[in-house]
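Visitor: have a look; sequence and predicted model below, questions after that.
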Amino acid sequence: MHNDVPHSQRPNPYHVAVAQFEAAADRLHLDHGMRAILREPKRELIVHFPVRMDDKSLRMFTGYRVQHNINRGPAKGGIRYDANVTLDEVKALAMWMTWKCAVVDIPFGGGKGGVTVDPKPLSLGELERLTRRYATEISILIGPGSDIPAPDVNTTPQIMAWIMDTYSMHQGYSVPAVVTGKPLAIGGSEGRGDATATGVLECLKIASADLKMPLRGARVAIQGFGNAGAIAAELLAAEGARIVAIADRQGAAYDESGLDIDALTKHKQETGSVVGVAGSQKLEVAEMLEVPCDILIPAAVEGVLTGENAPRVQARVIVEAANGPTTPEADAVFAARDVLVIPDILANAAGVTVSYFEWVQDLQSFFWTPEEVGEKLSLVMARAYANVASLATKEECDMRTAAQMVAIRRVAEATQLRGIYP
Ligand code: NAD
């Protein structure tokens, strides 16, 4: 039995992001000056702020907003509420957002935000006050033309609504385009809630055709049962795949004959976790990554697939719904073993793509049907996957390096064309 890797022992995500960047930059023969520009975030804001708790005490919180690169458009990226949020994590996530927006060729740069807080014990009122104050603290950066946040781990459409309202109150009029992932009633987009999982499925459909490995009957293990993981489970089950294992923070549920996703959702609503759902065996989170399966979907946090556990992973395909789940050491193991890794900046890019659609609709005050969103998303994902796969074949490299190369080339071109000010 292997225990989950404690957060403090996981690799520094920023070091991972920079190592991935250097590998792709080497292949692109990027010059020293361009490397120096793209390796560092453009802006890093750290804020410390008080929140009045329900018992009238004051608590201090620390939050971050990082803009990695904004040469192709405004910064775009989610906000994470988690006890383990650090500046280096936010910097890594911001850099990955730059590459992700460039891989799918939407006119955004990369940003990310976070607050170091476990939001679970907070009351709704405390969560609202924390959100409104954090939004105010980072309002020197965010705006519909400058930096547009979105949901990430532990942040929801309701939290996006509070951010939109706070920013709008400061302006004196409604500014829906300042944030995406909002509820439909205040300028959200059709298809945003299940976008990330839909994109994961689109990637898997292409990969399963390439590998001649039908999704019907394929065994799938998923780490994370939130926005990305739970909806991916539903969509894959609807395709006839067998979801054999699902983990959340508390542990994992395993059933080799296939978990019932509706029952799992109900069990999680009632107990707060997937662990212990009827008919399942309990596993540690780390054990769940190593169960016999065809497809593994990390959909939780960074740094969970490492050089240490990669040799024991049994999946043929890994689709990264999460950002940064695989270290460079694990990538090397998977490449040597011919395990296909569909990298985060491609596999989960549908989330930011529909966020882009939401921003466009907000700016035009003209809203699209679910069908229009679905069709446009499919086109973007299919084109991005084909670009990355063909470069991987041409370069004889893995999909991550190819995706990074596609992205870095686009960002470097924009940077080159704009020139260095003054
Ligand atoms: P979420 O808060 O909705 O769900 C997170 C899930 O992960 C929860 O089930 C939680 O219990 C589980 N989890 C957290 N820590 C864990 C751990 N150490 N071990 C096992 N499980 C753990 O978050 P989400 O929006 O689904 O995001 C999940 C991942 O997907 C993140 O890496 C995020 O950056 C990425 N992502 C999300 C979106 C999106 O649109 N929501 C888009 C792109 C990428």
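Guide: Received the coordinates, thanks. Residues are numbered from 1 along each chain as shown.
Visitor: hey, let's count contacts and neighbours off CA atoms from now on
Guide: Will do.
Visitor: let me see the ranges of the strands in the stretch 251-400 of the chain.
Guide: 251-254, 281-283, 295-298, 317-319, 340-342 (DSSP state E, counting those that start in this stretch).
Visitor: so which of the ones you listed comes closest to the ligand?
Guide: Taking Cα to the nearest ligand atom, strand 251-254 is the member of the strands of the stretch 251-400 of the chain nearest to the ligand, at 6.8 Å.
Visitor: how about the closest one as PDB, C-alpha atoms only?
Guide: Once non-C-alpha atoms are left out, strand 251-254 reads as follows in PDB (Å, rounded to 0.1, in the frame of the first residue of the first chain):
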ATOM      1  CA  GLY A 251      -9.600   8.600  -0.500                       C
ATOM      2  CA  ALA A 252     -10.700   6.500  -3.300                       C
ATOM      3  CA  ALA A 253     -13.600   4.200  -4.300                       C
ATOM      4  CA  TYR A 254     -12.700   1.100  -6.400                       C
END
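Visitor: now do it: which elements does it pack against?
Guide: Contacts defined by 3 or more Cα pairs under 8 Å, 6 or more residues apart in numbering; DSSP states H and E place strand 251-254 against strand 242-248, strand 281-283, helix 285-288.
Visitor: please save the CA atoms from whichever helix or strand Asp26 is part of in PDB.
Guide: If you go by DSSP states H and E, Asp26 is part of helix 13-28. Output in PDB follows, covering the C-alpha atoms of helix 13-28 (Å, rounded to 0.1, in the frame of the first residue of the first chain):
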ATOM      1  CA  PRO A  13       5.200  23.200  -9.600                       C
ATOM      2  CA  TYR A  14       7.100  26.300 -10.800                       C
ATOM      3  CA  HIS A  15      10.300  24.300 -11.200                       C
ATOM      4  CA  VAL A  16       8.300  21.700 -13.200                       C
ATOM      5  CA  ALA A  17       6.700  24.400 -15.400                       C
ATOM      6  CA  VAL A  18      10.200  26.000 -16.100                       C
ATOM      7  CA  ALA A  19      11.700  22.500 -16.900                       C
ATOM      8  CA  GLN A  20       8.900  21.800 -19.400                       C
ATOM      9  CA  PHE A  21       9.500  25.200 -20.900                       C
ATOM     10  CA  GLU A  22      13.200  24.800 -21.200                       C
ATOM     11  CA  ALA A  23      12.800  21.400 -23.000                       C
ATOM     12  CA  ALA A  24      10.500  22.900 -25.600                       C
ATOM     13  CA  ALA A  25      12.600  26.000 -25.900                       C
ATOM     14  CA  ASP A  26      15.700  23.900 -26.600                       C
ATOM     15  CA  ARG A  27      13.900  22.200 -29.500                       C
ATOM     16  CA  LEU A  28      12.700  25.500 -30.800                       C
END
